[in-house]
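Peer 1: What follows is a protein structure lacking sequence information:
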């Protein structure tokens, strides 16, 4: 009998025992150490190992290991492990995933060749320690690929015996569901079976019992063979001795099989009975399930019916209110509001799919639609009547408001109509066409009412501006907002108006206004105009704001982002007269509006379409009465625009007043341009002295009035720009007139007018004209000095000429002490010239000079004494200069002037007192 150990004949082990013992013990120790130190901590299992070194290089041994992870999904890796140079331990040097391997090249399939290549991201060439280890490692790689990856992996120059097929049962198992690596069939992956600890101990003890087990392997093998034969004989004898027990065991097994058959028969009968019970239980379960479904359906049906009854049932009281409710009394309106809200809630209830196919639901929808149409028609007719009645109501005329210049208040109408605000919202959500029709009707009739009231209001304002009613019609010929202004007074003798936007005549310039201020157009008249204009704006502002607030609340134009404008539709004929509506469609009405604020502004434009025209007409009237009124209007209008923009920058009032402000600003600019033009056209008399120019006086009046009006105004910048334009024109035209003056010396014209300008700017302290104020002072001072010097050359004319000659000789190089030897400038000539100017003659010359200066200067500016004192200072300076020249050029001659400085002071003083 052949005894085997672990499926291998014991004789084979005995023949190769020495080699087996050495290799097995070495590789076992290495594999055990690698598994324990490197792979077990990383939850990996080592399946195959090969001792390699890099081909073609100095041999540095390392190990290539094929491993799999112990956790799913399984990952297959090839790990390069190297023994550390220091110490007896191993370390992981490099790792590749098996799925990255593309080719395995064994170099030669027919001959033993330890070289092989692995193709990862690059080619790695290895030299194995033996061909058997190489083949074992390649076979393990092939099996791992077949079991876990099943990818197309090329095996080149590999023996077919190494690539044996796996069992089909294993191939059918998915890679992720294969048996666990830790407890699987490792023999299918590797023919090598690790020796157990018990087996290692037995082999060691057996070798220790034989002294020559290592030194004489053949003798040791012979001994083991003899012992094995003994054991084989013992095995055969033992098998033959146990035949009786085997027969008994077989009998027992037969009896057990018969008993098993009996039990299986009973189990089959039990199974049949249980199958019958199971069928009955299935039937009962099916019945219970159907009953439960029926109950569930009945409950859902009841819920749906209850939902429809609760949310689609309108009470009789609500139906009666919608059909017959009183729309005039507060209680009736409240009942109609509640009924309309209930109707809207019923119509907007969210029905489930299929509800609309129910007959009852269809009938309710028809009922709701009929009630909606009926109530919408009743509400529209009632509000139409209210609007028409208000539009034709003549009781609210302006006669009772004439004295106070006030507009009628519409708050009672707004208060009454706001009771219908919720009904209007309902109409907007249910009947957009009727809602838009009501909007057009309201705008149509209210525009007529406001047009009458505003027209009468502005007529009274214009009458009050021009005076009493009779005086206004007599002086200015007021006939409506676009009437002509005619008059016979000196202030308005040339004013003509051909329309609200007509241009002013040249006579309304500030030059004329300066003359008028002393007669008709005094400060009281301007104050009166300012109050009337402020009263007009103060009345219009609350009126527009109240109407805009009412439109927003009544027509509910602040709740939805976009509304189709009712006024954008074409105008239709009125039901009562068949004539076209008075409100002409504007171009912007035909375009869809982007927001409800645009719609409010559009309705306001329709209702108050006459306000801007009337305001422009009133502004034109005030501007023609007095050009200075443009200052008042600019300040007042700017303030009201600023106030309106703070309330709502996009409101109708803010937009309208802003447009009118542009007109006022344009009139103001025309006023300034008119002044400048009048300055340029000024003509002076050739026979009379010039004095203070008229446009200089007018500028002073303009500046004084403007500073009073603009003291706390918001548009101070407009005035500052006008100041700069005016003052530059004044400067330029003063010089122009001075150059053209024939009667009055140029220096006198410049001196007097720039002194007046300097005084005005210093008194008013206009900060934006500081540079011009300094310039005016400089020009005044320069021309004063020039005038004094030129005038003083006449009283001592010969003496001046003599000493000018002396200075000329000195300038030519003649020594000062040698001037007296010049024939024309010797001492005798000097005494001769001095004798011609005794004190009496000097006084007489000064007296003539004073009279001439008096003729040149005007009385308004009172500069005579200032000029006379400057002349005195200049005369003394000249006297001292003459004395100095005599002392330097005629030393020791004893020649002096025939009058002293004290004499001159007495001359100037007595002349000034005598006049």
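Peer 2: Sure, I can see it. Because the structure is predicted, anything quoted here is derived from the model rather than measured. Residues are numbered from 1 along each chain as shown.
Peer 1: and the gap between residue 425 and residue 418?
Peer 2: According to C-beta to C-beta, to the nearest Å, residue 425 stands 12 Å off from residue 418. For every residue, glycine as well, the C-beta is placed using N, CA and C.
Peer 1: With residue 93 instead?
Peer 2: Going from residue 93 to residue 418 by C-beta to C-beta gives 92 Å.
Peer 1: Equivalent analysis for residue 259, please.
Peer 2: 104 Å.
Peer 1: more neighbours, those two?
Peer 2: Remark: of residue 259 and residue 418, residue 418 carries more neighbours, 13 against 10, as counted by other C-beta atoms under 10 Å.
Peer 1: quick one: that one and residue 554 touch, right?
Peer 2: Yes. Contact criterion C-beta atoms under 8 Å: residue 418 and residue 554 qualify, at 6.1 Å.
Peer 1: next SSE after the helix or strand hosting residue 804?
Peer 2: Here residue 804 sits within helix 797-812, counting by DSSP states H and E. Downstream of helix 797-812, the next assigned helix or strand under DSSP H and E is helix 827-835.
Peer 1: partner strands of the longest strand anywhere in the chain, parallel or antiparallel?
Peer 2: Longest strand in the chain, counting residues (DSSP state E): strand 44-54. In the sheet, strand 44-54 lines up against strand 62-69 (antiparallel), strand 123-128 (antiparallel) (DSSP bridges).
Peer 1: of all those strands, which lies closest to residue 531?
Peer 2: strand 62-69 (101.1 Å; C-beta to C-beta).
Peer 1: who's in contact with stretch 297-313?
Peer 2: 345-346, 349, 352, 355, 358, 360-361, 364 (C-beta atoms under 8 Å, 6 or more residues apart in numbering).
Peer 1: low-scoring stretches of the stretch 301-450 of the chain, by residue?
Peer 2: In the predicted model of the stretch 301-450 of the chain, residues 391-404 satisfy pLDDT under 70.
Peer 1: residue ranges for the strands of it, please.
Peer 2: Under the criterion DSSP state E, counting those that start in this stretch, the stretch 301-450 of the chain carries no strands.
Peer 1: For it, which segments count as helices?
Peer 2: Taking DSSP state H, counting those that start in this stretch as the test, the helices found in the stretch 301-450 of the chain are 316-324, 330-347, 359-392, 411-417, 421-430, 432-466.
Peer 1: The longest one to helix 421-430, inter-axis angle?
Peer 2: To tie it back to what came earlier, the one meant is helix 432-466. With axes from the mean of the first three to the mean of the last three C-alpha atoms, to 10 degrees applied, the angle from helix 432-466 to helix 421-430 works out at 130 degrees.
Peer 1: other SSEs contacting helix 432-466?
Peer 2: Here helix 432-466 touches helix 359-392, helix 421-430, helix 469-475, helix 523-554, helix 596-607, helix 611-625, going by 3 or more C-beta pairs under 8 Å, 6 or more residues apart in numbering; DSSP states H and E.
Peer 1: With the first one instead?
Peer 2: Using 3+ C-beta pairs under 8 Å, 6+ apart as the contact criterion, the elements in contact with helix 316-324 are helix 330-347, helix 359-392.
Peer 1: With distance to residue 128 and mean neighbour count as added columns, please give these in JSON lines.
Peer 2: Formatted as JSON lines, those follow (distance: least, C-beta to C-beta, whole Å; neighbours: other C-beta atoms under 10 Å):
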{"stretch": "helix 330-347", "distance to residue 128": "90", "mean neighbour count": "17"}
{"stretch": "helix 359-392", "distance to residue 128": "88", "mean neighbour count": "16"}
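Peer 1: ok so, going back, output the strands paired with strand 44-54 in JSON lines; the columns should cover mean pLDDT.
Peer 2: JSON lines is the format used below for the strands paired with strand 44-54 (pLDDT from 0 to 100):
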{"stretch": "strand 62-69", "mean pLDDT": "92"}
{"stretch": "strand 123-128", "mean pLDDT": "90"}
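Peer 1: Return the most buried member of those strands.
Peer 2: strand 62-69 (a mean of 22; mean count of other C-beta atoms under 10 Å).
Peer 1: of all the contacts of stretch 297-313, which two lie farthest apart?
Peer 2: Going by C-beta to C-beta, the pair spanning the contacts of stretch 297-313 furthest: 345 and 358, at 19.1 Å.
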